[in-house]
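Student: sequence unavailable; structure follows:
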């Protein structure tokens, strides 16, 4: 069956569709049904099934004769090291770590925070928790003490597993002082911490609290997999909230297994045994879903990469990894591809490597501008698939089901809704918009298996943030439109649709136009306060490497380009050249923060910002004479 038939089969009988997908998972007790709606609009899936995530990701492959297959490839250009771990080795390592944690009192339902760099042990820690039925919460390694403390207080972990340090291209980041500071600040104190000592910067252990990763496992009895209920959380992942307090997204065990397993073949078009690479970090949802869980559940080899798209050592590092490890499907953020494009605009580095193994590039994490997609298509000569999802959903809402049926790529659209998602465009009053009209993107309830059922210890906040605005729907916070072919176009976050003299305009559309300028490597558009029009757009542009023309010329051309393509209604009169855009560590541009700086408002330093110094640079650039406007 093709996409349309599969989507229709889900829509006409969701229960039968998801029960069929559930057959691909090993159950200790099969569920009696898929959807449990007794507590609607808080829906749950496969609740009365009993299952274990670690068994499905590791042990079953060993039992089925795949023990010698490589499960994890660790490639670390920052430490100049590589490592391969088979499923059989992974099973031994995870069972040993789980046994040692159990000996220290960690049981089903306990929380464990993981604060580690991109090393195989980070995945082993996640899987060891899942093996015991303990709930892990991975916090991005190197997060500030104050942010880590907030998460410690929210999920109250029995233990914290941390690395001694992380390695950046130009420096080593000591994690242990940050961890110590967080524990000191937090009201809740963990019973113990496990520290993985890295030779680049070993840490001093705190007596009576800290245990060494290797020595504390000595003599521990390997732990078996503990079956858990279908709705038992496998993890909590904190995402930034509009109030500044992080939101703990819960991932339910059974739905997570069923949905992620389905995506690997149907969306990413990989078969068990193929090498799959998501260039992200386990501190983010992409890392949870597509570095750790989905590839291993499906029987793929996953690549754990410790490095950056540029500078480790150069803009060819992605292509080397793909070529060297025979990667079939590659998934990264548009911002990573833009970084490569900026450093190597003609794709010269790519010519050094044989990429015949690669079937497709997948982009997600932020809106993929057409210019980036077109550049990647041209230099790679491979399909480039944008797809759209959120931390809250855990996997694709709208994408191109390449393993099922590769649909035509329409630049600017992540394609069509996946089974389980009934995507609608709504007006502010909740009424559906017409085809081609801009509105709020919402998903008719129930959300499919594996998506968040609620927030950790915050059901009221969950309802308010996602369910109350449009009763009967999940509010995504994104704005966009659906065309006559059923293709979704995401134009902006709802907050980024600006109101210029009564006209609702998408900043994303303006960014598309700016990105098409030959000298522009990357850009962002924000709405700033305007006494006359309410809001007016401000463009920030980063130039490609080697461009030496006067900035005034380039910004004037950008202003003219927006006027030509969108028209005077956009009122686009102001663009400035900046060296870098402020981003989160996962690559999202901090547009709301830029708008506050431009308006001279007070702002809270975003916890996830990659480099706070960029904000000062932007402040200075905004007050420099000579830019257009």
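Tutor: Okay, I see it. Everything quoted here is computed from the prediction, not taken from an experiment. Numbers count the residues shown, from 1 in each chain.
Student: next, residue 308: secondary structure please.
Tutor: Secondary structure, DSSP: H, G, I helix; E, B strand; the rest coil: residue 308 is coil.
Student: tell me, how many residues neighbour it?
Tutor: Residue 308: 18 surrounding residues under other Cβ atoms under 10 Å. C-betas here are computed from N, CA, C, even on glycine.
Student: which residue packs closest to it, ignoring adjacent ones?
Tutor: residue 169 (5.7 Å; Cβ to Cβ, 6 or more residues apart in numbering).
Student: quick one: secondary structure of that neighbour?
Tutor: Applying three-state DSSP: residue 169 is coil.
Student: and for the one 4 residues further on?
Tutor: Local secondary structure at residue 173 is given as strand here, using three-state DSSP.
Student: bridging residues for it?
Tutor: Residue 173 forms beta bridges with residue 166, as assigned by DSSP bridges.
Student: in the stretch 151-300 of the chain, what residue spans correspond to strands?
Tutor: Using DSSP state E, counting those that start in this stretch, the strands of the stretch 151-300 of the chain run over 159-163, 165-167, 172-174, 192-196, 210-212, 228-229, 233-239, 247-252, 275-278.
Student: want to throw these into CSV with mean neighbour count, distance to residue 91 and mean pLDDT?
Tutor: Below are the strands of the stretch 151-300 of the chain laid out as CSV (neighbours: other Cβ atoms under 10 Å; distance: least, Cβ to Cβ, whole Å; pLDDT from 0 to 100):
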stretch, mean neighbour count, distance to residue 91, mean pLDDT
strand 159-163, 27, 19, 98
strand 165-167, 24, 27, 96
strand 172-174, 16, 31, 93
strand 192-196, 22, 19, 98
strand 210-212, 17, 22, 98
strand 228-229, 22, 19, 98
strand 233-239, 25, 18, 95
strand 247-252, 24, 22, 96
strand 275-278, 24, 19, 98
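Student: one step back: and the gap between the residue nearest to residue 308 and residue 584?
Tutor: Noted for residue 169: a distance of 18 Å to residue 584, by Cβ to Cβ, to the nearest Å.
Student: which of the two has more neighbours?
Tutor: Ranked by neighbour count (other Cβ under 10 Å), residue 169 and residue 584 place residue 584 first, with 19 against 12.
Student: next secondary structure after the helix or strand bottoming out on mean pLDDT in the chain?
Tutor: Every helix and strand of the chain was ranked by mean pLDDT, DSSP states H and E. The lowest is strand 503-506, at a mean of 70. Sequence-wise, the next helix or strand downstream of strand 503-506 (DSSP states H and E) is helix 507-515.
Student: helices or strands up against that next one?
Tutor: If contacts are counted by 3 or more Cβ pairs under 8 Å, 6 or more residues apart in numbering; DSSP states H and E, helix 507-515 sits against helix 370-380, strand 488-493, strand 520-530, strand 534-543, helix 551-565.
Student: among the ones you listed, which is nearest residue 18?
Tutor: Nearest of those to residue 18, taken as Cβ to Cβ: strand 488-493 at 22.4 Å.
Student: can you name the residues in contact with the helix or strand just after the closest one?
Tutor: Along the chain past strand 488-493, the next helix or strand (assigned with DSSP H and E) turns out to be strand 497-500. Identification of contacts with strand 497-500 by Cβ atoms under 8 Å, 6 or more residues apart in numbering yields 438, 479, 491, 504-507, 526-527, 530, 533-537, 569-571.
Student: which of these are buried? Put it as a ChimeraX command.
Tutor: This is the ChimeraX syntax for the buried subset of the contacts of strand 497-500, where burial follows 16 or more other Cβ atoms under 10 Å:
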select :438,479,491,505,506,507,526,527,530,533,535,536,537,570,571
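Student: count of neighbours near residue 40?
Tutor: As a burial measure, residue 40 scores 12 neighbours (other Cβ under 10 Å).
Student: make sure it is indeed in a helix.
Tutor: No: assessed by three-state DSSP, residue 40 does not belong to a helix; its assignment is coil.
Student: my guess is it meets residue 445, correct?
Tutor: Yes: the criterion here is Cβ atoms under 8 Å, and residue 40 meets it with residue 445 at 7.5 Å.
Student: the lengthiest helix in the chain vs strand 159-163, what angle?
Tutor: Counting by DSSP state H, the longest helix found in the chain is helix 87-103. Relative orientation of helix 87-103 versus strand 159-163 (axes from the mean of the first three to the mean of the last three Cα atoms, to 10 degrees): 130 degrees.
Student: how about helix 87-103: buried residues?
Tutor: Going by neighbour count (16+ other Cβ under 10 Å), the buried part of helix 87-103 is 87-102.
Student: ok, the very next helix or strand once past it: who's next to it in the sheet?
Tutor: As assigned by DSSP H and E, the chain's next helix or strand after helix 87-103 is strand 111-115. Within its sheet, and counting by DSSP bridges, strand 111-115 is paired with strand 135-138 (parallel), strand 159-163 (parallel).
Student: show residues contacting the shortest one.
Tutor: Read that as strand 135-138. Applying Cβ under 8 Å, 6+ apart, the external contacts of strand 135-138 come out as 109-116, 122, 125-126, 129-130, 151, 155, 157, 233-238, 248, 282-283, 287-288.
Student: pull out the buried members of those.
Tutor: Applying 16+ other Cβ under 10 Å to the contacts of strand 135-138, the neighbour count classes 110-116, 122, 125-126, 129-130, 151, 155, 157, 233-238, 248, 282-283, 287-288 as buried.
Student: tell me where the model's unsure across this protein.
Tutor: 240-244, 492-497, 501-504, 624-629 (pLDDT under 70).
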